[in-house]
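[1] Coordinates only, no sequence provided:
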DNA sequence: GACCAGGCACATC
DNA sequence: GATGTGCATGGT
């Protein structure tokens, strides 16, 4: 057994599922928008919403920042929670304009990760997962993203308590992995893939690549 | 028709 | 700090 369980888990998932090449999105700005739209929502629905924003010519900071909330809601309707997410996008854009003048994300390059994370978390509608997704995928910061899949997989394999906090779970990864953006990026993507393919609500445990490593999971 | 999907804010105890 | 609720579409 390896000294570093979390690295072993990563290697196992990587062997089983292959490289994932995340985040799906053409530009860092699009990734930020996607991070908000995908809150508690199937990615296929998010893609429809993103396609609509693009078709309307709004997938750039200046145009999106000018779009009225009502119209925004209509366009992102397929992503669900469209009224709330329209408001959240506008809240986010208020911060984004103040920070970059609605220019490219490179304006954020000199800002420390912890500082950026605090600022993102202060935006209404941006919680820890959304903030960390933006930091890791759009801004290439060394921050591990914890999501519902992460929680489910770790809990079923008895690596966390049911009520473990976000920060607690994140610390588990930060504390046991090399500090690396590509590693965090790929690891989270693999967890999501694993959660979709195997560690589902109705799990396919006989196909679980982690079975040899972690043994039989507990299913509640 | 029920369940699920890459959360979050807010109220309440 | 823990727990419960509203928000909503589209696929299975």
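    Looks like it arrived, so ask away. The shown structure was predicted, so the numbers you read here are calculated from the model rather than taken from an experiment.

[2] Where does pLDDT dip in chain A?
    Along chain A, segments meeting pLDDT under 70 span A:1-3, A:220.

[3] Of all residues in it, which one is closest to DNA strand B?
    Nearest to DNA strand B in chain A, going by CB to the nearest atom of the strand, is residue A:127, at a distance of 2.2 Å. No exception for glycine: its C-beta is placed from N, CA and C like everyone else's.

[4] If you count contacts, what does the lengthiest helix in chain A end up packed against?
    Looking across chain A with DSSP state H, the single longest helix is helix A:82-100. Judged by 3 or more CB pairs under 8 Å, 6 or more residues apart in numbering; DSSP states H and E, the packing partners of helix A:82-100 are helix A:28-37, helix A:61-66, helix A:69-75, helix A:113-121.

[5] rerun that using 10 Å as the cut-off
    In terms of contacts (3 or more CB pairs under 10 Å, 6 or more residues apart in numbering; DSSP states H and E), helix A:82-100 is packed against helix A:28-37, helix A:43-55, helix A:61-66, helix A:69-75, helix A:113-121.

[6] quick one: that helix to helix A:28-37, angle?
    Interaxial angle, helix A:82-100 versus helix A:28-37 (axes from the mean of the first three to the mean of the last three CA atoms, to 10 degrees): 140 degrees.

[7] Buried residues of helix A:82-100, list them for me.
    Residues of helix A:82-100 classed as buried by neighbour count (16 or more other CB atoms under 10 Å): A:82, A:85-90, A:92-93, A:96-97, A:99.
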